[in-house]
Structures are given as C-alpha cells and as structure tokens.
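Q: got a sequence here, can you model it:
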Amino acid sequence: MTQNDRTIERRLKRRRRHFSIRKKIRGTSGRPRLVVFRSLRHMEGQLVDDDQGRTLLGVSTLSAAVDASESTGEEEAPAGGSKVRASYAAGQLLAERALEAGVTEVVFDRAGYRFQGRVKAFAEGARAGGLRF
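A: Next up is the predicted model:
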C-alpha cells in the first residue's frame with residue numbers, strides 16, 4: 001500500500017464518519033449547524049441552515065480579522081501552536097458574527113474529525129464568544 005493509498009483511505013473513513021454524524025444532527029434556522037473543516041494549514045467554520053439548504057455565515061483562519069485578533073492576544077488562548085491559537089480566534093470571530101446575526105444556539109458538527117487540537121480550540125473559541133452548543 002503506497003502513501004497515496006493510505007491518504008485516500010483516511011479521507012474516505014473521515015467522510016463515512018461525517019455522513020454517520022450528519023444522519024443524527026440537523027441545523028434549523030433557530031439553531032443552525034456549526035460545521036468545521038480542517039485542512040493541513042487552516043480551519044474553517046460555517047453556520048448552516050439545513051432546512052433551507054443555505055450557509056448563514058462562515059469564518060476561516062485565512063481572514064484578516066482572525067490575524068488581527070490573534071496578534072493582539074485579546075483573550076487567553078489555549079496552549080498549543082500558532083494553528084491552535086488561530087483556530088481559537090476564528091471560533092471567537094464566528095461567535096461574534098453569529099451573535100450579530102441573532103444566532104445564540106448551534107449544533108456542533110465536528111465533520112468526522114476527532115474532538116481534539118484545532119477542532120476543540122475552534123469549539124472553545126466559539127463558546128468563549130457566546131455561542132451555546
């Protein structure tokens with residue numbers, strides 16, 4: 001088995017886990033689904049209304065607002081590398097924008113990733129920003 005085959009197999013397993021999770025949770029307009037995506041370098045989070053099939057808002061660690069809040073060190077970020085701190089800042093930014101849009105409660109969708117590291121930091125940042133799971 002080559003390295004490429006292992007990578008493809010790992011991605012397929014994550015997609016299966018994500019589909020299994022998605023069978024159980026559903027976002028509504030009153031309580032949208034907060035779904036995360038983790039790449040090797042960045043994190044993204046979106047609030048999705050599954051009833052209407054649309055994305056309400058999204059935040060990525062690529063956005064300039066995340067860079068600004070991370071560099072100023074506003075809140076007590078979790079211990080870890082710079083990607084963990086950026087994920088925490090992105091979660092806080094998503095929570096701020098969600099509260100401006102009138103969303104206070106969400107359903108967390110970890111998208112098949114383990115709840116550790118950057119995924120956990122994103123969730124903790126969203127909770128610190130005022131969202132309830």
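
Q: pull the number of nearby residues for Val84.
A: Using other C-beta atoms under 10 Å, Val84 has 21 neighbouring residues. Placement of C-beta: from N, CA and C, glycine included.

Q: so what's Gln3 scoring on pLDDT?
A: You'll see Gln3 listed with a pLDDT of 87.

Q: now it: how far from Glu9?
A: 11 Å (C-beta to C-beta, to the nearest Å).

Q: in this structure, what helix or strand scores lowest on average pLDDT?
A: helix 64-72 (a mean of 71; mean pLDDT, DSSP states H and E).

Q: show me what the very next helix or strand once past that one is packed up against.
A: Heading C-terminal from helix 64-72, the first helix or strand you meet, by DSSP states H and E, is helix 82-100. Applying 3 or more C-beta pairs under 8 Å, 6 or more residues apart in numbering; DSSP states H and E, we find helix 82-100 packed against strand 43-49, strand 54-60, helix 64-72, helix 118-129.

Q: ok, residues contacting helix 82-100?
A: For helix 82-100, the external contacting residues (C-beta atoms under 8 Å, 6 or more residues apart in numbering) are 34, 41-45, 47, 56-61, 63, 65-67, 69-70, 75, 77-78, 104, 106, 117-119, 121-131.

Q: narrow those residues to those that are buried.
A: Neighbour-count burial (16 or more other C-beta atoms under 10 Å) is assigned, among these, to 34, 42-45, 47, 56, 59-61, 63, 66, 69-70, 77-78, 106, 117-119, 121-129, 131.
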